[in-house]
Structures are given as C-alpha cells and as structure tokens.
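Peer 1: below are the sequence and a predicted model; questions follow.
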Amino acid sequence: MGELKLMKGNEAVAEAAIRAGADGYFGYPITPQSEVIEYLMVEKPYERTGMVVLQAESEIAAINMVYGAAGTGKKAMTSSSSPGISLKMEGISYLAGTELPCVILNVVRGGPGLGTIQPSQADYFQATKGGGHGDYRMIVLAPASVQEMSDFVKLGFELAFKYRNPLMILSDGVIGQMMEKVELFDPIPRWTDEEIIEMSPWATTGRTMNRERNILTSLDLDPSRQEKHNEKLVAKYKKISENEIRFEKINCEDIDYLFVAYGSSSRICQKSIQLAKEKGIKVGLLRPITLYPYPTKAIQDMLGDIKGILCVEMSAGQMVEDVRLAVEGKVPVEHYGRMGGIVHSPQEVVEALEQKIIGG
Amino acid sequence: MSEDILKEIIQPENIVYQKTKMMTDKVLSYCPGCGHGTAHRIIMEVVDEMGIGEDTIGIAPVGCSVLAYEFMNIDMQQAAHGRAPALATGIKRLWPDKFVFTYQGDGDLAAIGTAETIHACNRGENICIFFINNGIYGMTGGQMAPTTLPNMKSSTSPYGRDVKTMGNPLKMTDIVAQLPGTYFVSRHSVHTPRNVRKTKKAVRKAFENQRDNKGGVSFVEIVSNCNSGWKMTPVKSNEWMVENMFPFYPLGDMKIDGELVK
C-alpha cells in the first residue's frame, strides 16, 4: 500500500503532479484552487525532482507557458477555476490544434461572469463541447474524490501523451476543498532528456542535423491541407472515443430508476440512493468518469430495465443534454440541480426524483 | 552564360558571401523592400556563426512574420498573438541550456502582448526578444499599430493618427529598459549595410548574454520599413523612416550589461 495522507483535493493534485514526474507547473491564483500553487511553492519540487513551478502574470500567460513547455516534449500542467479557465481557452485551442499534451485542472465555481467562489458544475459545456475556437476536443476526466484528484493527474499525463492532446480534470469547489484520505502513488522519475527525444520525436528539443526540424504550429493557410489536419484530429478523437470511455455503476442491480451524475453530485447521489431505499424506491447511479468521451453506450445498455433517469448536476442542466442524446426519448430524462454555488442535499435529490420522474 | 563559366566563377576562393545554412531555401513571403528578410538573415547568421543551431528554439509571432518558421532552419513553435514571451518562458524554464528567442512585430509585442512582454522582461527570463517595429499592422493590411506615429496615416487612421482620440504611440523598448529584469536593450535598423552590421553585433551580444546566463532579457528592437503598408516605394519608405521614425524611435543602446546608458 502506498503512503496514506489526509489532504485537500487541491493539495492532492499538487502532490500528484510532483509524483507523476511533471516538469513544469505554471499557474495564477484564483479561489477555490489556489492551494495547488501554494502547496507546490511550499514543497519546493525543484529540490525534490527538479520540477519548475512558476506563478504567471495571468491565466493567459500561464496557459501559453504550458503551450511552450508542452512543445518541448516535457510534462506541463496548469490549474485554475472557471473565470480563469475562460481566459485559458485561447491557449487550449492552440494546444489542441498543435496536438500538444498537457494537463489542465478546473476547480469549477459558480458563474457566469465572476459568479461566486462556491462549488458549481456549470463548466460542463465549456470543457466537453469546445470552449475555445475551432473543431477540437479535450479528454475530460471528472474526479469524485480526493483519491481521484491524485490518481487522475497520473492518468491524465498518460492519456495526454498517448494521444498528444490536452486533457482537462474537471473538478469542482467541493472536491478541491474537502479533505479525505488519499493513498499516494509511488513517485515516477521525471523523463531524462534522452527519453524525451526518443519518446517525443516531434518536440522542440533543438534541431540535430540528423532529423527534419520540428515546427509546432496550428497554422496552415492552404485550406486543403488544413482540412486534412482537421480530419486527422477527428480520427484521433474517434480513437479516443473507442478506447478511453470510463464510468462507474453503483447499485445498478434490480433498479427502476437511474441517477446520472459526475463529480461531487455523484457522491451526493450515493446518499440519495440510501434515502430512496428507505422509501422503497429502487434507484442506482451511473457515474461518468470521462465526460469526453462520454459513456453514451453504457447508458443505452441500461435502458431496458429502467423507467426514468434523473440527471443530477450543479448547473441549469448541461450534461442532461448528453444523457438525452443517449436515451433518444426511450424513457423520461429530467434534470435536477442547484446553482450559484449552492450544493443540493441528498433529500432534495430524492424529492426531485419523486416529483420529476416517479410522479411525472 | 554557359555552365562552364559559372563553374569557373563559383569557386571557394571566389566566394565573398553566401546564404547561411540556417536559412531554408524557401522564397521569403515578405514584400520586396521589407526589412523582415534582412532581420531574419542576421539572426540566423549569428546562430550559425555561434554554432548554436542545434540548441536554438525560436518562437514565431502572429503578424507578417507568422511564417518565420518556414525560413529559419531551426526547431520553432508558433505562438498565439502576443504570447511569444510566455511560450519562451515555458520553453527556457524547462530547457535552461537551450537558446530561446522570440521574433515579434509591434502589434504582437506592444499591443496584444504588452503584459507578456513586460512580465517576461521584469522576471528577467534568460531569453532574447527581437522586436521588429514598422509602426503598422502589415499582415492584416496596414491598420494602425500601437507604434504608429502621431498624424501617421493607416487604414484605421485614414486622416492620420489623432492622439487625442486614438492614443499615443507606445515606446515599449524605452519601457522595458527601465525594468530590472532586462540586461541588454538596444534599438537598431537594417536599412543600410552599416546599420545591418551594427544590428548583427547587437543580435550577437543578445545571444552571448543568454549563453553566459547574464540573468536577464536581451531585447533588440529593429525599426523597420513597411513600404506596402505605408504605400511608398522601398527607397522612399526608407527615407521616410529616417526622417520620421528615427526622431521618435532614436537608434542606439539603452541598456548595456544591466546598466542604463546615460
């Protein structure tokens, strides 16, 4: 068993970055995720592993430092919260267009605009449907525990490099701020320069005359070549969809109803399942772990047994659209969720199930 | 001319000048008469002469020189508009032993990238910034730039830049010279052979500072012409530059070895 520690979600991400062999973290403070850079500054990872930590002048600068750093073939990451992530969207689009791997953490707070510093899940559309300009996708992982905040940093770098694609960990203010027991994974050494040159032959490692020079750009003024590039990206996203869908089913044997929820809402739904059971309501939970690619088929495979689905998310109803796309009208699908930084209670969720699905 | 005669002429002992191998054979996309080509060549000649081509990473901006990576024969990355100093920071921090430079125009460096420029300079990143200032947005067709002179005409200041409503031209080089994080700040031009030699010397000094880890940005501005954007012949544009740009953007060193030039 690995080392056990009681940590905040944000601290677990920071510790995981050091242990995952990250080479650089570039960030800008914003509540509720500033513990990430604070933890890193206290820990002195440049002494532990040689990892660089830098506080940038803005979220825009931070993501563009990541863009440059990712171009070197090294492991780079950043973190922010909703308004800051909006600023990073320009850089994320460039990272996606140039096919560079990196990990981006969003500890979501309420919006729109400056909104609130309290938890929210209202950045689902931004994370999974684009956010920045152009046809691109990020791989999106949704942690539901402090343990997963740690584990998904490691998994995030693996997937980002496997597909040469930016990856987002879409967390929220609950998961970022709460403390839980976490089993830390064993440290992975940072890649050596030789390993980087071998593993990432596309990187700006300095041109040696025995190879073609490496140009990292998202620009092609020739429309036919640019379209080919777009088609290549689409093919990559298809491959990601075929290989990387992750989800969890909880209490899904012999049920009449289904919750679909991710992140902290999925934790709340687990309590709602118990409360519903006391009332004689048989309900289970499907928790998408990857929000892109989305577990569409997993939902479709469950449709024969259930009478209705309640999608629970702290938003006005965003993921519910993907659930409805999967269900294709075969059973009723409704959304429930509080907004503005208010976290729904397990009782409220059960009441919503009764009113919107069972009674509806 | 027959091939035999050509062969006779092209002998090592007869060569007085040749294109550096650090420039590709691709035909430059710049307008005839533009200073960008000369600026590219100078930088790449210095990279060649210092023998650092295998260890140099360049950042191309958004603007006329967005395709600089087509011509500079090294590993390069293309930045979002104005963000080149942030990319350079990320690269240099992770590859401290490589040479990293940005090549940016005035719209890129002095308007949309003002924050990235000032903060990279203020942090004292050990990078080189080459700033080509022609007082106009060339790529998009001659719009007003942050460096457009008072009363100067452009497609978005068609009656001349009215500083009362359009603001004043920004002297970014003067600003960064004041910051503790810059080590070498100098302004040059490439419109005469003499000026080309001076500029090349400054570019070399910039790379040497980076090699010797002097602990600060080496920042070289090249005041250049934009004959297309200014709607002049190349010769006339250079004359106009000397008469109008140089009084506002005087050439010379502003900071040497971390000390302001008095």
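Peer 2: Right, received. Where do you want to start?
Peer 1: what's the neighbour count on residue 152?
Peer 2: In the absence of a named chain, this looks at chain A. Neighbour count for residue A:152, taken as other CB atoms under 10 Å in any protein chain shown: 24. Placement of C-beta: from N, CA and C, glycine included.
Peer 1: my bad, the chain I had in mind was chain B
Peer 2: 20.
Peer 1: chain B against chain A: which residues are in contact?
Peer 2: By the rule CB under 8 Å from any CB of the partner chain, the part of chain B lying against chain A is B:53-57, B:59-60, B:66-67, B:69, B:73-80, B:83, B:86-91, B:93-95, B:98, B:115-116, B:119.
Peer 1: mind listing which of these are in strands?
Peer 2: Among these, the residues falling in strands (DSSP state E) are B:56, B:57, B:59, B:60, B:75, B:76, B:77, B:78.
Peer 1: in TSV, list those residues along with neighbour count.
Peer 2: Formatted as TSV, those follow (neighbours: other CB atoms under 10 Å in any protein chain shown):
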residue	neighbour count
B:56	26
B:57	28
B:59	29
B:60	27
B:75	27
B:76	26
B:77	29
B:78	25
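Peer 1: ok, so of these, who is nearest residue B:160?
Peer 2: residue B:60 (31.7 Å; CB to CB).
Peer 1: right, and that closest one touches residue A:217 too?
Peer 2: Yes. At 7.5 Å, residue B:60 and residue A:217 qualify as touching, with contact defined as CB atoms under 8 Å.
Peer 1: mutual contacts of those two, please.
Peer 2: Common contacts of residue B:60 and residue A:217 (CB atoms under 8 Å, 6 or more residues apart in numbering or on different chains): B:69, B:76, B:77, B:78.
Peer 1: what's the separation between the residue lying closest to the last one once chain neighbours are set aside and residue B:103?
Peer 2: Read it as residue B:78. Counting by CB to CB, 6 or more residues apart in numbering or on different chains, the nearest residue to residue B:78 once its immediate chain neighbours are dropped is residue A:217, at 3.7 Å. Distance of residue A:217 to residue B:103, given as CB to CB, to the nearest Å: 14 Å.
Peer 1: what ranges do the helices span in chain A?
Peer 2: A:9-19, A:35-43, A:45-48, A:59-71, A:82-98, A:124-128, A:146-163, A:173-177, A:193-199, A:223-243, A:263-278, A:296-302, A:319-327, A:346-352 (DSSP state H).
Peer 1: burial count for the closest residue to chain B within the stretch 101-250 of chain A?
Peer 2: Residue of the stretch 101-250 of chain A nearest chain B, by CB to the nearest CB: residue A:217 (3.7 Å). Residues near residue A:217, counting by other CB under 10 Å, number 17.
Peer 1: residue B:68 contacts residue B:60, doesn't it?
Peer 2: Yes. Using CB under 8 Å, residue B:68 makes contact with residue B:60 at a distance of 4.2 Å.
Peer 1: now the strands for chain B?
Peer 2: Using DSSP E, strands in chain B cover B:56-60, B:75-78, B:99-105, B:128-133, B:136-137, B:143-144, B:182-189, B:217-223, B:252-256, B:259-260.
Peer 1: can you list the ones you listed in CSV and add mean pLDDT?
Peer 2: Converted to CSV, these look like this (pLDDT from 0 to 100):
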stretch, mean pLDDT
strand B:56-60, 98
strand B:75-78, 98
strand B:99-105, 98
strand B:128-133, 98
strand B:136-137, 96
strand B:143-144, 97
strand B:182-189, 98
strand B:217-223, 98
strand B:252-256, 98
strand B:259-260, 97
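Peer 1: before we move on, back to that, which of the helices of chain A sits most buried?
Peer 2: helix A:59-71 (a mean of 31; mean count of other CB atoms under 10 Å in any protein chain shown).
Peer 1: so that one versus strand B:99-105, what angle?
Peer 2: 130 degrees (axes from the mean of the first three to the mean of the last three CA atoms, to 10 degrees).
Peer 1: helix A:59-71 close to chain B?
Peer 2: Yes. In terms of CB under 8 Å from any CB, part of helix A:59-71 sits within range of chain B, namely A:60, A:61, A:62, A:64, A:65, A:66, A:67, A:68, A:69, A:70, A:71.
Peer 1: tell me which of these is nearest to residue A:173?
Peer 2: Taking CB to CB as the measure, residue A:173 lies nearest residue A:62 of the residues of helix A:59-71 next to chain B, at 19.8 Å.
Peer 1: how about the closest one, nearest residue that isn't a chain neighbour?
Peer 2: residue A:56 (3.9 Å).
Peer 1: how far away is the one you found from residue B:82?
Peer 2: Taking CB to CB, one finds residue A:56 at 14 Å from residue B:82.
Peer 1: what of residue A:98?
Peer 2: For residue A:98, the distance to residue B:82 - CB to CB - is 17 Å.
Peer 1: do you know the pLDDT at residue A:360?
Peer 2: For residue A:360, the pLDDT comes out at 69.
Peer 1: check the burial of residue B:45 by counting its neighbours.
Peer 2: 17.
Peer 1: just checking, it touches residue B:20?
Peer 2: Yes. If you go by CB under 8 Å, residue B:45 and residue B:20 touch, sitting 4.8 Å apart.
Peer 1: circling back to that earlier point, shared neighbours of residue B:68 and residue B:60, anything?
Peer 2: Going by CB under 8 Å, 6+ apart, residues that sit against residue B:68 and also against residue B:60 are B:76, B:103.
Peer 1: and chain A, split by domain according to the record?
Peer 2: Partitioning chain A according to automatic domain parsing yields domains covering residues A:3-194, A:248-358.
Peer 1: I'd like to know which of the ones you listed is closest to residue A:200.
Peer 2: Across these, closest to residue A:200 is domain A:3-194 (CB to CB), at 3.3 Å.
Peer 1: pull the distance from the helix-or-strand element of chain B with minimal mean pLDDT to the chain's centre.
Peer 2: Least confident helix or strand, chain B: helix B:3-9 with a mean of 85, by mean pLDDT, DSSP states H and E. Here helix B:3-9 shows a centroid-to-chain-centroid distance of 37 Å under the convention CA atoms, centre = their mean, to the nearest Å.
Peer 1: good, wrapping up.
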